[in-house]
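Asks: Compute the structure for the input listed below.
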Amino acid sequence: MKKYLIFVMLSFLFCVVRANAQDSTFSNDLMIGSSGKDVVNLQTWLMSNGYDIPAISIHGGTKGYFGEQTRTALSTYQKSIGFPSRGFFGPMTRERLNKGVGYRDASFRVISPNGGEVWQKGTLHSIVWTSPYYFRSTIADLRLLPYQQPCTTQVCPMYAIAPYIIATSIPINQNSYNWNVGSVYGAVNMTNGLPGDYITIPDGQYTVQICESVSGNCDSSDAVFTLR
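Replies: Residues are numbered from 1 along each chain as shown. This is a model prediction of the structure:
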């Protein structure tokens, strides 16, 4: 009897959680002046993920109206993930939240270089990325990956080219690193994960990769850029 009751309770909780997830699916564009259930869900998501709306959290206002403070909170979130930070809840942001409503976005993203740039070795350039607000103490490594031709039906590279190390133990929430272009350590040692000696890299096409040190979660430039 006890086992049956536990099963019933767990089934009920599962249905409640599932219903809440479905209730939080966004289907409409939202902006200043919008109101209704979608606004309530958006405000709930923003506040539960650290994007405060003081009119509600401090002054006890009710949810459901999209005002300036909601726009500011949304804009801050959009900026943290590299989206246009206009405070307009449109298709891009809506799709992002619908993929994981109720869960924190643990991603970060390389912004620059992100494809097509030409950087001269010996000059100073900023490697830039975005990171969620809660990566306060997480560190990452910056790597430089030589471009490698993809496999074709006839030819496939025999091995992957190991990345060079630009810098290690960089705070993720720093969001940028001033790089003396071309200054790298040797390829990662595949045995212990440590960089080799300082070297001079050849001209060519590369991507930049940022990898969270703890989890190994990485993001790379969307396309190659050129070093010469």
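Asks: surely Y77 meets S48?
Replies: No: counting by Cβ atoms under 8 Å, Y77 sits too far from S48 to count as a contact (11.7 Å). C-beta coordinates here come from the backbone N, C-alpha and C atoms, glycine included.
Asks: Break the protein into its domains for me.
Replies: The chain breaks down into these domains under automatic domain parsing: 22-98, 109-227.
Asks: Neighbour count for Y77 and S48, which is higher?
Replies: More crowded of Y77 and S48, by other Cβ atoms under 10 Å: Y77, with 25 against 10.
Asks: What ranges does this structure have for its strands?
Replies: Ranges of strands within the chain are 109-112, 118-119, 124-130, 139-146, 164-171, 176-180, 183-187, 198-200, 204-212, 218-220, 225-227, based on DSSP state E.
Asks: Not counting its neighbours along the chain, what's nearest G61?
Replies: Among residues not flanking G61 along the chain, A55 sits closest, at 4.4 Å (Cβ to Cβ, 6 or more residues apart in numbering).
Asks: so what's V184 scoring on pLDDT?
Replies: Looking at V184, its pLDDT stands at 91.
Asks: Please apply the same query to the one 5 residues further on.
Replies: N189 is assigned 55 on the pLDDT scale.
Asks: The one 5 residues further on now?
Replies: Reading off the confidence values, L194 has pLDDT 59.
Asks: before we move on, the earlier item: by mean pLDDT, show me the worst of the domains of the chain.
Replies: domain 109-227 (a mean of 80).
Asks: mind checking the end-to-end distance for it?
Replies: Domain 109-227 has an end-to-end distance of 21 Å (Cα to Cα, to the nearest Å).
Asks: give me the number of residues near the nearest residue to L142 once chain neighbours are set aside?
Replies: Nearest residue to L142 in three dimensions, chain neighbours excluded: I166, at 4.0 Å (Cβ to Cβ, 6+ apart). I166 has 23 neighbours, counted by other Cβ under 10 Å.
Asks: one step back: right, so the strands of the chain: which one is the most enclosed?
Replies: strand 139-146 (a mean of 21; mean count of other Cβ atoms under 10 Å).
Asks: any idea how far the closest residue to T123 other than its chain neighbours is from L144?
Replies: By the measure of Cβ to Cβ, 6+ apart, the closest residue to T123 outside its immediate chain neighbours is V181, 5.3 Å from it. In this view, V181 and L144 are 10 Å apart by Cβ to Cβ, to the nearest Å.
Asks: just checking, G122 touches N180?
Replies: Yes: here G122 reaches N180: they are 7.2 Å apart, a contact under Cβ under 8 Å.
Asks: intersection of neighbour lists for these two?
Replies: Common neighbours of G122 and N180, using Cβ atoms under 8 Å, 6 or more residues apart in numbering, do not exist here.
Asks: Is I139 in contact with A167, as I believe?
Replies: No: judged on Cβ under 8 Å, I139 makes no contact with A167 at a distance of 10.3 Å.
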